[in-house]
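1. Build me a model:
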Amino acid sequence: LTLTQNGTHAIGMCIVKQDRGADGAAVEKVVDVKQDRVVGLTERFVTSPAVDMFLDDLDAGAYAIIPMTLSPVAGTGGAVSISTRARTPHTLRGEEEILARAVGA
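-> Numbers count the residues shown, from 1 in each chain. Down below sits the predicted model:
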């Protein structure tokens, strides 16, 4: 995974396995991060416009990518970009699409 954000002094990211409920369809916003669901966490904030994380052998499922910013620069908009490379097919979805799919299900 690569997280890119312009106009920051330091960035990091946290990857959390989603709990989809017993029926596999329930999706909720990540409000509280439970330590046992964290599958990836950058060790420290990186003073760079981009940070990389390498995760091997993730189980099939849904994961939340949580960008973290330390000392954002005012007026830069805060937009982030996520890019991935994997050996198996995968789909990245934004928060709006995920929640819309859950409501429409």
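2. what about the residue nearest the centre of the chain, which helix or strand?
-> In the chain, the centroid-proximal residue (C-alpha atoms, centre = their mean) is Ile65; its distance is 0.7 Å. Assigned by DSSP states H and E, Ile65 belongs to strand 63-72.
3. With just CA atoms, put whatever helix or strand comes next after that strand into PDB.
-> Proceeding N to C from strand 63-72, the next assigned helix or strand is strand 80-83, under DSSP H and E. Extracted C-alpha coordinates of strand 80-83, given in PDB (Å, rounded to 0.1, in the frame of the first residue of the first chain):
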ATOM      1  CA  VAL A  80      -5.200  11.500   0.200                       C
ATOM      2  CA  SER A  81      -4.400   9.000  -2.500                       C
ATOM      3  CA  ILE A  82      -4.100   5.200  -1.900                       C
ATOM      4  CA  SER A  83      -2.400   2.900  -4.400                       C
END
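4. Need the residues that contact strand 80-83.
-> 1-5, 65, 67, 92 (C-beta atoms under 8 Å, 6 or more residues apart in numbering). All C-beta atoms are positioned from the backbone trio N, CA, C, and that covers glycine.
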